[in-house]
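In: with the input below, show me the fold.
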Amino acid sequence: MRFDHCCFKWLFGLLLALPLLGCGSGDNNVSATGKATYNGTPLTNGSITYHPDSSQGNSAGIMAASEIDGQGNYQITAPPGWYKVTVVVEKPRAAEGADAYALPEYLTPEKYASIESTPFSIELKPGADAGAYDLELTD
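Out: Coordinates of the predicted model:
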């Protein structure tokens, strides 16, 4: 197969352009912090995911996720807009053996783990009030 000079220039140009493609510069992203509690007690593990809510006009197509720290805190960075928020807190599984492959056992109501049933709809925006991103899970 012949690899001529024209093809080489095209391939080289494509390789130079690849770093410029992707999710954008992120200059307009918003960072938000919140606290996740369950029946008034801070969660000590789990994850939180912000899913773009197209029904509220968010067509960004970018999800953002965060782990919950030992005090119930989390931090999200994503483009501004409306998001459906899911919270997943599972019972830890064994590292090995049959229990390592067991189905997850949720420690909070499953409605919070599904985008279809979560009650959390949050607008991520600059200058939000303190506590705007706090999540209170209840039975």
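
In: all contacts plus neighbour counts: C-alpha atoms, from now on.
Out: OK.

In: could you check the pLDDT of Lys9?
Out: pLDDT recorded at Lys9 is 42.

In: quick one: neighbours of Tyr95, just the number.
Out: Slight slip there: residue 95 is Ala, not Tyr. 9 (other C-alpha atoms under 10 Å).

In: run through the bridge partners of Ala36.
Out: Judged by DSSP bridges, the bridge partners of Ala36 are Leu135.

In: need the contact list for it.
Out: 42-43, 68, 72-74, 134-137 (C-alpha atoms under 8 Å, 6 or more residues apart in numbering).

In: closest one to Ala100 out of those residues, please.
Out: Ile68 (21.8 Å; C-alpha to C-alpha).

In: quick check: the closest one vs Lys111, distance?
Out: Per C-alpha to C-alpha, to the nearest Å, Ile68 is found 18 Å from Lys111.

In: so for the two, which residue has more residues nearby?
Out: Comparing Ile68 with Lys111 by other C-alpha under 10 Å, the one with more neighbours is Ile68, at 23 against 16.
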